[in-house]
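[1] what follows is a predicted protein model with its sequence.
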Amino acid sequence: MKILSSALLCLALLAASAAQAQEAARAWSVSTPKAPEDTAFLSFGAPGTDDVGLALSCKVKTGQVSILFDVNRALAVRQRGGVWIDTIGRPAPWLVDVVVASGVQRVSVRGLANPDQMNGGSTVTAEVSTQAPVVAAFAKTGLLHVESLGTTVEEPPAPKRHVAKFLRACR
């Protein structure tokens, strides 16, 4: 019994170490294009991989920021004619409520959920204006909190210089 307890403890410690290593490998990165028709990105993830916890993007000078994140809840139940549908037969993408917050500022917006075939949940996208108070708070704090379909994503604060560079490209 004691061996089993020790083995379980070791497995738990290894899992925690792996999770910490994965989290440690993630970092904020920013990419701003030179051409006005290109897209700027600010993301938190493991460089050079598909492991992204939160991604923001914008077409240069549009004044709109798109936010993309994964949620645990799967809305897709099956495919019909090559299109994913939900439990009542509606095709993807599905309208969902999204809360975007930074500090005391928060806004509720409509977003779109699509099937996330790699992780089994859904991928949610939403847009906010660069003029929104929540974006101004994000620029000051680097903190961004998004939630939808019962999942909350709250990554470590983004470096303010990254946020400023990204928002300059978007505005």
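    Sure, I can see it.

[2] can you count the residues close to Val104?
    Val104: 8 surrounding residues under other CB atoms under 10 Å. Just so you know, the C-beta spots here come from the backbone N, C-alpha and C atoms, and that holds for glycine as well.

[3] checking the closest residue to it other than its chain neighbours next. Helix, strand or coil?
    The spatial neighbour of Val104 that comes closest, neighbours along the chain excluded (CB to CB, 6 or more residues apart in numbering), is Ala137 at 7.4 Å. Recorded secondary structure, Ala137: helix (DSSP: H, G, I helix; E, B strand; the rest coil).

[4] what do you get for Thr49?
    coil.

[5] residues contacting it?
    With contacts defined as CB atoms under 8 Å, 6 or more residues apart in numbering, Thr49 has no neighbours.

[6] 10 Å - rerun?
    Applying CB atoms under 10 Å, 6 or more residues apart in numbering to Thr49 gives the contacts 25-26.

[7] for the remainder of this discussion, apply numbering that starts at 478.
    Yep, numbering from 478; the last one is Thr526 now.

[8] just the pLDDT for it.
    At Thr526, the model reports a pLDDT of 88.

[9] beyond the helix or strand of the chain with the lowest mean pLDDT, next helix or strand please.
    Scoring the helices and strands of the chain by mean pLDDT, DSSP states H and E places helix 479-502 at the bottom, with a mean of 40. Heading C-terminal from helix 479-502, the first helix or strand you meet, by DSSP states H and E, is strand 504-508.

[10] what lines up beside that following strand in the sheet?
    Neighbouring strands of strand 504-508 in its sheet, by DSSP bridges, are strand 516-522 (antiparallel).

[11] now the strand it pairs with: average pLDDT?
    Averaging pLDDT along strand 516-522 yields 97.

[12] next structured bit after that strand?
    For strand 516-522, the following helix or strand on the C-terminal side (DSSP H and E) is strand 529-536.

[13] report the buried residues of the longest strand along the chain.
    In terms of residue count, the longest strand belonging to the chain (DSSP state E) is strand 582-592. Residues of strand 582-592 classed as buried: 582, 584, 586, 588-592 (neighbour count, 16 or more other CB atoms under 10 Å).

[14] same question for stretch 526-540.
    By 16+ other CB under 10 Å, the buried positions in stretch 526-540 come out as 529-537, 539.

[15] what about the chain, any weak spots by pLDDT?
    In the predicted model, the chain carries pLDDT under 70 at residues 478-501.
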